[in-house]
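> Curious how this folds, go ahead:
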Amino acid sequence: MGRLIKAGLTGVTVFLWILMAGLLTGCGSRSGEIAEETVQDENIETEDSISLPETAAPFPTVPPDALLRTDGIDGSFGIGSASVLRGKNILISLFLTTPDNAFTEEEKEICLQRLKEAAIYIEETAFGYGVETQFILDWSEENSQDLCMEKTVDFSISDDSDFMDALDEAFAQWTEEELSYERLLQEYGADGIATCMFVNAPGRSYAIVYDGEDNVRESLVMFVRNDKGTEEEPAVYAHEILHVFGAHDLYRGEEYSRAVTDYIAANYPDEIMRSVAGEGRISEQISRITAYHLGWIDEIPETESFPELIR
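Predicted coordinates for the structure are as follows:
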């Protein structure tokens with residue numbers, strides 16, 4: 001799990017977006033494995049409707065005088081199509097059909113329900129930090145053509161780099177040529193937007209985030225099953241969603257030093273950007289470190305001891 005600047009849950013493999021229609025699309029970090037931990041079930045209440053504001057502004061791009069990180073850690077907080085996890089944010093669901101893999105209606109419903117559980121978990125956790133945020137991911141009949149759709153490609157799914165490159169190219173072309181983020185932001189009165197592509201195969205889910213270069217249109221790719229062949233749980237969905245809004249991988253060997261990851265393991269063992277494991281409902285937590293990276297709080301004492309955590 002992670003960001004593709006693509007973000008992933010084991011070692012990071014960098015992939016470049018393909019130049020499509022004159023636009024160089026973005027890169028991120030692919031998903032890798034996370035240490036397994038015991039989790040406790042927690043009931044999640046669902047909401048049937050989300051109210052929308054009357055107007056919306058286009059998603060922000062990087063201003064000419066913006067300060068970009070020079071420490072080797074890329075962050076997407078405050079930039080990109082999903083810039084800040086406040087207000088209303090759209091999650092578009094896209095189901096991929098290939099010559100050897102397609103979705104049944106029941107499989108789609110399972111994916112959408114897990115996406116919704118992840119969204120509700122994030123909304124409720126944000127509220128605990130005094131932040132109001134809502135996801136627009138209504139896949140009802142009224143909105144299905146805008147927010148839930150299918151994409152067909154002519155190549156087969158595999159675990160090699162050729163498939164991943166072809167998938168990235170197809171995804172980049174689709175978001176650029178066939179989907180108007182700006183129109184949807186205006187129509188739904190939203191502040192941010194990202195696309196979630198579902199792939200009905202085992203693999204490592206990842207997020208594609210904007211780091212100040214390449215493609216501003218942020219997204220995530222969710223494999224229905226992980227590389228061990230078990231179903232991805234709602235916590236994995238939440239982990240990847242948080243990446244596009246600025247969250248960082250906090251487990252060993254990814255973005256931060258051993259000193260930082262050891263500190264997080266000792267003080268925030270249930271941090272969702274460190275580890276997701278178990279079955280069923282989400283029991284992991286969003287620590288104050290990730291809350292800071294998301295912009296939910298303005299400062300944390302850890303940045304004094306670990307300046308690399310500064311967003």
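> Skipping its backbone neighbours, what lies nearest Ile241 in space?
Take Ile241 and drop its neighbours on the chain: the residue closest to it by CB to CB, 6 or more residues apart in numbering is Ala118, 5.9 Å away. All C-beta spots, glycine's among them, are computed from the backbone N, C-alpha and C.
> pretty sure Asn200 belongs to a helix, no?
No: assigned with DSSP: H, G, I helix; E, B strand; the rest coil, Asn200 falls outside any helix and is strand.
> Hmm, it is touching Phe103, no?
Yes: counting by CB atoms under 8 Å, Asn200 touches Phe103, with 5.3 Å between them.
> overlap in contacts of the two?
Residues within reach of Asn200 and of Phe103 at once, by CB atoms under 8 Å, 6 or more residues apart in numbering, are Phe95.
> Spatially central residue in the protein, please.
Centrality entry for the chain: nearest residue to the mean C-alpha point is Ile241, 2.7 Å, by CA atoms, centre = their mean.
> That residue sits in which helix or strand?
helix 234-244 (DSSP states H and E).
> Distance of the residue nearest to the centre of the chain relative to Met164?
Applying CB to CB, to the nearest Å, the value for Ile241 to Met164 is 21 Å.
> With Ile310 instead?
Remark: distance between Ile310 and Met164 (CB to CB) = 32 Å.
> These two: which is more packed in?
The neighbour comparison of Ile310 against Met164 (other CB atoms under 10 Å) goes to Met164, with 21 against 16.
> Can you tell me the element the more buried one falls in?
Assessed by DSSP H and E, Met164 sits inside helix 161-177.
> starting at the chain centroid, how far to the helix or strand that comes right after that helix?
For helix 161-177, the succeeding helix or strand toward the C-terminus, using DSSP H and E, is helix 181-188. Relative to the mean C-alpha coordinate of its chain, helix 181-188 is positioned 19 Å out (CA atoms, centre = their mean, to the nearest Å).
> Which elements pack onto helix 181-188?
With contacts defined as 3 or more CB pairs under 8 Å, 6 or more residues apart in numbering; DSSP states H and E, helix 181-188 has these neighbours: strand 87-97, strand 192-202.
> pLDDT averaged over the last one, what's the number?
Here strand 192-202 scores 93 as its mean pLDDT.
> For it, name the packing helices and strands.
strand 87-97, helix 105-128, helix 161-177, helix 181-188, strand 219-225, helix 234-244.
> got the contact list for the residue lying closest to Ala259 once chain neighbours are set aside?
Leaving out its chain neighbours, the residue that sits closest to Ala259 by CB to CB, 6+ apart is Phe306, at 6.9 Å. Applying CB under 8 Å, 6+ apart to Phe306 gives the contacts 256-257, 259-260, 263.
> again with Gly130
Trp296.
> same check, this time on the one 5 residues further on
Residues counted as contacts of Phe135 (CB under 8 Å, 6+ apart) are 50, 88-91, 119, 122-123.
> Kindly recompute the last result at 10 Å.
50, 85, 88-91, 115-116, 118-120, 122-123, 190, 192, 194, 241 (CB atoms under 10 Å, 6 or more residues apart in numbering).
> And for Ala194?
59, 80-82, 89-92, 135, 175, 181, 207-209, 217-220, 240-241, 243-245.
> Just give the number of residues close to Tyr251.
23.
> can you check the one 10 residues further on too?
For Thr261, the tally of surrounding residues (other CB under 10 Å) stands at 18.
> how near is it to Ile300?
Plainly put, Thr261 is 16 Å away from Ile300 if you go by CB to CB.
> correct me, but Tyr188 touches Leu91?
No: with contact defined as CB atoms under 10 Å, Tyr188 does not reach Leu91; the gap is 11.0 Å.
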